[in-house]
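Undergrad: what would the 3D arrangement of this be:
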Amino acid sequence: MSRTRPSLITEAAAFSVAGDGLHRYEMGPALIGAGADATVVIVAPGDNPRHSGVQDSTEVLLRGDRIPDLHSRFMSRAPLPIYLFVRMDQGCLPLGTAVCRGGASERSSFNFANLVLDQPLSRDVLDAVRPVPVPGPVPGVEWIDHVEKDPIRALESFVLGWFPAEVQEATESESSPDALGSLPKALAAFHRLARLRPAIHRFHDPVLKQPRRASGPLGERLVFAVWDGGGMDWSIPWPAENPGEADPRVWLAEDPYAEEPEMILEEEPLGRFLLQFTLNEAMNAAPYRAWTYCMPTAGLDALWSMVRPVPLSPFLPTYTAERFFMAPGLLTQVSGDTKEAVVSFGALHRGTLTPLLAQGFRWARFDG
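TA: Numbers count the residues shown, from 1 in each chain. Next up, the predicted model:
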């Protein structure tokens, strides 16, 4: 049963909910009222991912200058309720009550809080307070045509299209990543790309700016990427088995600092592996994301007409075995088998995700 959108009230009426002894504060664009009965938070409307405001149907983010006096009101077991409002053109729209599920732990450094609504917002209210803009220009998927014969070209086309150019400040020159000798063509291409699109060196699981030498059960190797803080790493034989080879074999080391780490040969050689790796990290870094609960694989039939498969083997086959698919501005991962699957999406624009509501999936998270 659909809920009626709450009526707008004045800012004064919203703050009156806080009770006597009201103290007003500003945290970024948000206004906060602290009174004897409650804490009132009034945020600005708009599409501001990872900045103050409504993030999705359940989460509101506060972020701004430090306000130590408010720390106790945003603890996970704060004694007073938190009431949320959005400042609209004609008044304040009530969102309901919320609890704090994360914030600065120290009183002196309190400058952000993640608020989770007790009652999720209806789609109507969500669209009113966080309107979905029409997507701007989005990168195409023509690069997929090059994956089979020229994966380095495919990688370059994807990275240059997906990640925006940045204004870079002048820095002291770093030693060249190929100081150890001539790097394979694919790895050298990745480092050249990183100079054009620095975002690919800021991945959660990075391709190392400076590859490092290591040794193990397979002999000398060159570690070029790490996973989850170093719990795994990827390497190629070093010195190169065939100097100048574009696509040497890639080894995954589990627990690489163990006395005898387990070594697993990746299905894809270096060039194709770097494309796999970059697609996975681009998903994790996408400004807008969504993923489903586990569902019958047959429920994905309508999705296949929307996306193109990327002709690569599954990524991390012993773990999640992610397969990649693309549509303009939309990166898709599917993990599953012939019976069940989980689907994840990453997008550059919120409006690229919104049409997926028509698929009828059960969403564990949906930023659209």
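
Undergrad: ok now stretch 48-58, how far from the chain's centre?
TA: 14 Å (C-alpha atoms, centre = their mean, to the nearest Å).

Undergrad: residues contacting it, please?
TA: Stretch 48-58 is contacted from outside by 27-30, 43-46, 60-64, 86, 95, 116-117, 120-123, 126, 129-130, 287-288, 350, 365-367, using C-beta atoms under 8 Å, 6 or more residues apart in numbering. All C-beta atoms are positioned from the backbone trio N, CA, C, and that covers glycine.

Undergrad: among these, which ones are buried?
TA: Neighbour counting by 16 or more other C-beta atoms under 10 Å classes 27-30, 43-45, 60-64, 86, 95, 117, 121, 126, 129-130, 288, 350, 366-367 among those as buried.

Undergrad: returning to what we had before: among the contacts of stretch 48-58, which are located in helices?
TA: Of the contacts of stretch 48-58, the ones assigned to helices by DSSP state H are R123, L126, V129, R350.

Undergrad: pick the one among these closest to A165.
TA: Nearest to A165, judged by C-beta to C-beta, of those is R350 at 21.5 Å.

Undergrad: now that closest one: how far from R362?
TA: Distance, R350 to R362, by C-beta to C-beta, to the nearest Å: 20 Å.

Undergrad: list the buried residues for the top helix by length along the chain?
TA: Ordering each helix of the chain by length in residues (DSSP H) puts helix 270-285 first. For helix 270-285, burial by neighbour count (16+ other C-beta under 10 Å) applies to 270-283, 285.

Undergrad: output the contacting helices and strands for that helix.
TA: helix 151-162, helix 185-196, strand 232-237, strand 323-327, strand 330-336, strand 340-347 (3 or more C-beta pairs under 8 Å, 6 or more residues apart in numbering; DSSP states H and E).

Undergrad: of these, which is nearest D205?
TA: Smallest distance to D205 across those (C-beta to C-beta): 8.8 Å, for strand 232-237.

Undergrad: what's next to that closest one, contact-wise?
TA: 184, 187, 214, 218-227, 248-256, 266, 270, 273, 277.

Undergrad: and if you look at stretch 11-27?
TA: 31-40, 42, 52, 62-65, 67, 69-70, 83, 85, 87, 91-92, 94, 111.

Undergrad: export that stretch as CSV, just CAs?
TA: Extracted C-alpha coordinates of stretch 11-27, given in CSV (Å, rounded to 0.1, in the frame of the first residue of the first chain):
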residue,chain,number,x,y,z
GLU,A,11,11.5,25.6,9.3
ALA,A,12,10.4,27.0,12.6
ALA,A,13,7.9,24.2,13.0
ALA,A,14,10.6,21.6,12.2
PHE,A,15,12.9,23.0,14.8
SER,A,16,10.2,23.1,17.4
VAL,A,17,10.2,19.3,17.5
ALA,A,18,13.6,19.6,19.3
GLY,A,19,11.9,21.1,22.3
ASP,A,20,13.1,23.8,24.8
GLY,A,21,16.6,25.1,25.0
LEU,A,22,17.2,24.9,21.2
HIS,A,23,20.8,25.4,20.0
ARG,A,24,21.3,25.6,16.2
TYR,A,25,24.4,24.4,14.3
GLU,A,26,25.5,24.1,10.7
MET,A,27,27.3,21.1,9.4
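
Undergrad: and that stretch, what's buried?
TA: For stretch 11-27, the buried set under the neighbour-count rule, 16+ other C-beta under 10 Å, comprises A14, F15, S16, V17, A18, G19, Y25, M27.

Undergrad: dump the helices and strands packed on helix 270-285 to TSV, plus mean neighbour count.
TA: Shown next, in TSV, are these (neighbours: other C-beta atoms under 10 Å):
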stretch	mean neighbour count
helix 151-162	21
helix 185-196	18
strand 232-237	22
strand 323-327	20
strand 330-336	22
strand 340-347	21
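
Undergrad: any idea which of those gets closest to T297?
TA: Closest approach to T297 among the helices and strands packed on helix 270-285 (C-beta to C-beta): strand 340-347, 4.7 Å.

Undergrad: what angle do that closest one and helix 151-162 make?
TA: 60 degrees (axes from the mean of the first three to the mean of the last three C-alpha atoms, to 10 degrees).

Undergrad: among the contacts of strand 232-237, which ones are buried?
TA: Buried members of those, scored by 16+ other C-beta under 10 Å, are 184, 187, 214, 221-227, 248-253, 256, 266, 270, 273, 277.

Undergrad: out of those residues, which sit inside strands?
TA: A214, R221, L222, V223, F224, A225, V226, W227, W251, L252, A253 (DSSP state E).

Undergrad: tell me how far the closest residue to the third one other than its chain neighbours lies from P211.
TA: In other words, L222. The spatial neighbour of L222 that comes closest, neighbours along the chain excluded (C-beta to C-beta, 6 or more residues apart in numbering), is W238 at 3.7 Å. Applying C-beta to C-beta, the value for W238 to P211 is 9 Å.

Undergrad: tell me, how many residues neighbour the closest residue to P81 other than its chain neighbours?
TA: Leaving out its chain neighbours, the residue that sits closest to P81 by C-beta to C-beta, 6+ apart is A38, at 4.8 Å. Per other C-beta atoms under 10 Å, the neighbour tally for A38 reads 17.

Undergrad: so A38 makes contact with L80?
TA: Yes: under the criterion of C-beta atoms under 8 Å, A38 makes contact with L80 at 5.3 Å.

Undergrad: just checking, what packs against the helix or strand A98 falls within?
TA: Assigned by DSSP states H and E, A98 belongs to strand 91-103. Counting contacts by 3+ C-beta pairs under 8 Å, 6+ apart, strand 91-103 packs against helix 11-16, strand 59-63, strand 82-88, strand 112-117, helix 123-129.

Undergrad: what stretches of the stretch 151-300 of the chain score poorly on pLDDT?
TA: Residues of the stretch 151-300 of the chain that meet the criterion pLDDT under 70 lie in 168-181, 243-246.
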